[in-house]
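Enquirer: 3D, please:
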Amino acid sequence: MSSVAARSALSVPRATSVVDDGRGQHIVLRRLRKTFESRDGTRVTALDDISLDVAAGSFISVVGPTGCGKTTLLRIIAGLTRYSDGDVLVRGERVARPCRDVGIVFQNPVLLPWQNVLQNVTLPARIMRLDKSEALRRATELLALVGLTGYGSKYPQELSGGMQQRVALVRALMHDPPILLLDEPFGALDAMTREAMNVELAAICATRGKTAFLITHSIPEAVFLSDRVLVLSPRPGRLLMTVDVNVPRPRPIEFMGTPRFGELTTEIRRRLGAFSTREQ
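Expert: Modelled structure (predicted):
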């Protein structure tokens, strides 16, 4: 894999111009609440009283125990799941449906097995009827950015898990959305590949000025990547605490060995009541 530094030297388009709600926020949540009805008719509260501002160009991660509503929160912001109460705004517009301002990367790459890499990554461009030549140019550039030059004709089954996830990331970036929503995108990868993908993601977001909202079970991953880490309580998910990292991004991998990194991960684990050495 090419070095991040080498890929960062590639020419890149300017970051999408910021259009927000007038206060520099790309995502705004106000007293968000989400309830479901279970099969037996019982009302279940998944998220309760979540208020949050996400500034343009920032990187936010959300951690919390399994079942606390992290993915539901991301799906609400994406316009894929309806919320019950409160307000959700993306770039100043109330969320009622999926919008083009958002790119989404899920834990499973969800690549079409009958289409090659180039066809998979240009799928959004075809759906949105973007210019074909511009889409091809952009796809080629983005594949180079993630170290996949020459893989355009390969099929998903010919790629490793890490390569497939890079393809999914490129696909999310194809229409140049100002906001990236990431739902455990590297959770299924081995530790070394996941670490490399974290460095890659950090460089892409910083270089392209993206606003990123990451759902993860990994406290180290959250601290390494983020400006702020949000800690949710067990269901119903409520905002327990916000941890400011206050270290410039993108960060070298050596940041993980610093006292500051250790302090932050310990603080979050303590609040979650997790003192084991496993990732949360």
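
Enquirer: residue farthest from the centroid of this protein?
Expert: The centre of the chain is farthest from one residue, residue 40, which by CA atoms, centre = their mean lies 33.7 Å away.

Enquirer: Secondary structure of it: a helix, I assume?
Expert: No - going by DSSP: H, G, I helix; E, B strand; the rest coil, the assignment for residue 40 is coil, not a helix.

Enquirer: Phi, psi for the residue nearest to residue 187 when sequence neighbours are not counted please.
Expert: Nearest non-adjacent residue to residue 187, counting by CB to CB, 6 or more residues apart in numbering: residue 107, 4.9 Å away. Where C-beta positions appear, they are placed from N, C-alpha and C, glycine not excepted. Reported as degrees, to the nearest 10, the phi and psi values for residue 107 are phi -60, psi -40.

Enquirer: how near is residue 107 to residue 249?
Expert: 23 Å (CB to CB, to the nearest Å).

Enquirer: Would you mind confirming that the residue nearest to residue 187 makes contact with residue 185?
Expert: Yes - look at residue 107 against residue 185 with CB atoms under 8 Å: they come within range, at 6.3 Å.

Enquirer: ok, these two, which is more surrounded?
Expert: Between residue 107 and residue 185, residue 185 has the larger neighbour count (other CB atoms under 10 Å), namely 26 against 18.

Enquirer: so which strand or helix has residue 265?
Expert: helix 259-272 (DSSP states H and E).

Enquirer: pLDDT of the helix or strand where residue 74 lies, averaged?
Expert: Under the criterion of DSSP H and E, residue 74 resides in helix 70-78. Computed over helix 70-78, the mean pLDDT rounds to 95.

Enquirer: quick one: buried residues of the helix holding residue 265?
Expert: Applying a neighbour-count criterion of 16 or more other CB atoms under 10 Å, one finds 261, 264, 265, 267, 268, 269, 272 buried in helix 259-272.

Enquirer: Over to stretch 127-140?
Expert: Buried residues in stretch 127-140, counted by 16+ other CB under 10 Å: 130, 135, 138, 139.

Enquirer: Over that stretch, what's the mean pLDDT, rounded is fine.
Expert: pLDDT averaged over stretch 127-140 gives 90.

Enquirer: Run through who's touching it.
Expert: Stretch 127-140 is contacted from outside by 100, 118, 121-122, 124-126, 149, 152, 170, 174-176, using CB atoms under 8 Å, 6 or more residues apart in numbering.

Enquirer: any idea how far that stretch is from the chain center?
Expert: 23 Å (CA atoms, centre = their mean, to the nearest Å).

Enquirer: For that stretch, list the C-alpha coordinates in CSV.
Expert: These are the backbone C-alpha positions of stretch 127-140, laid out as CSV (Å, rounded to 0.1, in the frame of the first residue of the first chain):
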residue,chain,number,x,y,z
ILE,A,127,-27.9,6.9,-10.2
MET,A,128,-27.5,10.7,-9.9
ARG,A,129,-26.9,11.0,-13.7
LEU,A,130,-23.6,12.8,-13.2
ASP,A,131,-21.3,13.5,-16.2
LYS,A,132,-19.8,10.1,-17.2
SER,A,133,-16.3,11.4,-18.1
GLU,A,134,-16.1,13.4,-14.9
ALA,A,135,-17.3,10.4,-12.9
LEU,A,136,-14.6,8.3,-14.5
ARG,A,137,-11.9,10.9,-13.8
ARG,A,138,-13.0,11.2,-10.2
ALA,A,139,-13.2,7.4,-9.6
THR,A,140,-9.7,6.9,-11.0
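
Enquirer: angle of the strand or helix carrying residue 213 against helix 70-78?
Expert: Residue 213 belongs to strand 211-215 when assigned by DSSP H and E. Put simply, strand 211-215 runs at 150 degrees to helix 70-78, going by axes from the mean of the first three to the mean of the last three CA atoms, to 10 degrees.

Enquirer: my guess is residue 88 contacts residue 29, does it?
Expert: Yes - shown here, residue 88 and residue 29 form a contact pair, counting by CB under 8 Å, at 5.7 Å.
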